[in-house]
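Sequence isn't available, so here's the structure alone:
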């Protein structure tokens, strides 16, 4: 039995005891929580077990507090921060940042704060108004999109511990972050307002990966891209282009169409977007096969009928009626679908790309679409060079469904990405928890 009382303000004190019965690795641990109200007060917080075999953490709201029990690894871990009370109000028994309380506080004794650098084009971007709802303790202290305008904000940059970065047309964000890195000594977290991060990662980020957390907006765009995938499948299975030609010619031309049910969708890159595609495909009665970096990892939703490693792309191509590419762009995925893979494709199959343009060798794809020996067609929403150059042969292919990288651009898609930052990731950061969607900068996703 372990009791850890926090003696607090003498005017008002409330104590609550919680006993937790855990698994066979330990008998039980007990928590004592004293919350103080130092007018005009907000409750301070609470605490912890020392066992290294405790069950997963559960949140227990107590008067606005998030009490977390069951901290692992045999060490006290930071799970919340004291708010609204000075160190003197805690009494002599409270040792800041020590194992006695298990609480880490910002230098100076106050609650944790977030000083935010905004790297985004704010002109005409209404979604950034979501930042007006930033939780208490988070403030935008610097902003800009060029090194020249940010260099003049050195004092503010020295206090920055969080960066929100967005794609800006004509700006290399990886180069900008590289130049800014020496000016950001307190940086702890970078949030990318996108799912793809290949255009953001710089060498300094990789070198400091143990110090600086990198997260993205994974999950915000997945459903829209899955819908686009099913639209592309319907486009070719029913030959919508022929309907349009017949309408223009006023021709009552009846022909056989293909069923989607019973066909096979191959997913190259079984991440968040790939899973969203698999869910909709299953709803249509399709079989799903996938390529992922670790094929041995269990598919918790049971959507995949067969899973291959990265060296088995040809096997996936050979059995798939439709192949959706949802892989991130990394050195290992660049050009992973090229001449050899397309030659292995099932006769009459369709290739769909919603990931990154350069994952598919465009020249090899153009040759395959022109020959028509293997592929029935392709649907591309992403390209190696964007905007797509006017002289690209892709514009002229009749068996290509082409869209200008806007399959996920719904009316509120950017709002959702900023809202995820404001409502979920930032509060987690201020509590001392890890924000959503961490990215491994060495692998690129």
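Right, received. Where do you want to start? Bear in mind that the values here come from a model prediction, so they are computed numbers and not experimental data.

list the helices and strands the top helix by length along the chain packs on?
Assignment by DSSP state H gives helix 222-237 as the longest helix of the chain. Judged by 3 or more Cβ pairs under 8 Å, 6 or more residues apart in numbering; DSSP states H and E, helix 222-237 is in contact with helix 272-283, strand 322-325, strand 349-353, strand 375-380, strand 400-402. Bear in mind the C-beta positions are built from the backbone N, C-alpha and C, glycine included.

Run through who's touching the first one.
It refers to helix 272-283. For helix 272-283, contacts defined as Cβ atoms under 8 Å, 6 or more residues apart in numbering pick out 195, 218-219, 221-223, 225-227, 229-230, 265, 267-268, 270, 288, 290, 292, 301, 303-304, 324, 326, 354-355.

Tell me which helix or strand comes right after that helix.
Sequence order places strand 287-291 as the next helix or strand after helix 272-283, per DSSP states H and E.

thinking again about what came up before, need the helices and strands packed on helix 222-237 in TSV with distance to residue 202, mean neighbour count and mean pLDDT, can you?
Converted to TSV, these look like this (distance: least, Cβ to Cβ, whole Å; neighbours: other Cβ atoms under 10 Å; pLDDT from 0 to 100):
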stretch	distance to residue 202	mean neighbour count	mean pLDDT
helix 272-283	24	22	97
strand 322-325	26	28	98
strand 349-353	26	27	98
strand 375-380	28	23	98
strand 400-402	32	17	98
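
Residue 343 is nearest to which of the ones you listed?
Using Cβ to Cβ as the measure, strand 375-380 is the one of the helices and strands packed on helix 222-237 that comes nearest residue 343, at 10.3 Å.

So which elements touch that closest one?
Judged by 3+ Cβ pairs under 8 Å, 6+ apart, the packing partners of strand 375-380 are helix 222-237, strand 349-353, helix 362-371, strand 400-402.

and that strand, how far from the chain's centre?
Averaged C-alpha coordinates place strand 375-380 at 28 Å from its chain's average position (Cα atoms, centre = their mean, to the nearest Å).

Contacts for it next, please.
In this structure, residues lying in contact with strand 375-380 by Cβ under 8 Å, 6+ apart are 228, 232, 235-236, 342, 345, 348-353, 357, 360, 365, 368-369, 394, 399-403.

let's go with 7 Å and repeat that
Contacts to strand 375-380, defined as Cβ atoms under 7 Å, 6 or more residues apart in numbering, come from residues 232, 235-236, 342, 345, 348-353, 365, 368-369, 399-402.

So which bits of stretch 391-408 are buried?
Going by neighbour count (16 or more other Cβ atoms under 10 Å), the buried part of stretch 391-408 is 392, 394, 397, 400-401, 407-408.

Can you add distance to residue 373 and secondary structure and give those back as CSV?
Putting those into CSV (distance: Cβ to Cβ, whole Å; DSSP: H, G, I helix; E, B strand; the rest coil) gives the following:
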residue, distance to residue 373, secondary structure
392, 22, coil
394, 19, helix
397, 15, coil
400, 16, strand
401, 20, strand
407, 28, coil
408, 32, coil
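
Lowest-confidence entry in the residues you listed?
Lowest pLDDT of the buried residues of stretch 391-408: residue 408, 93.

Next, work out how far apart it and residue 376 are.
Per Cβ to Cβ, to the nearest Å, residue 408 is found 25 Å from residue 376.

and what of residue 445?
Counting by Cβ to Cβ - residue 445 and residue 376 are separated by 30 Å.

circling back: give the buried residues for the longest helix of the chain.
For helix 222-237, using 16+ other Cβ under 10 Å, the buried residues are 222-230, 232-233, 235-237.
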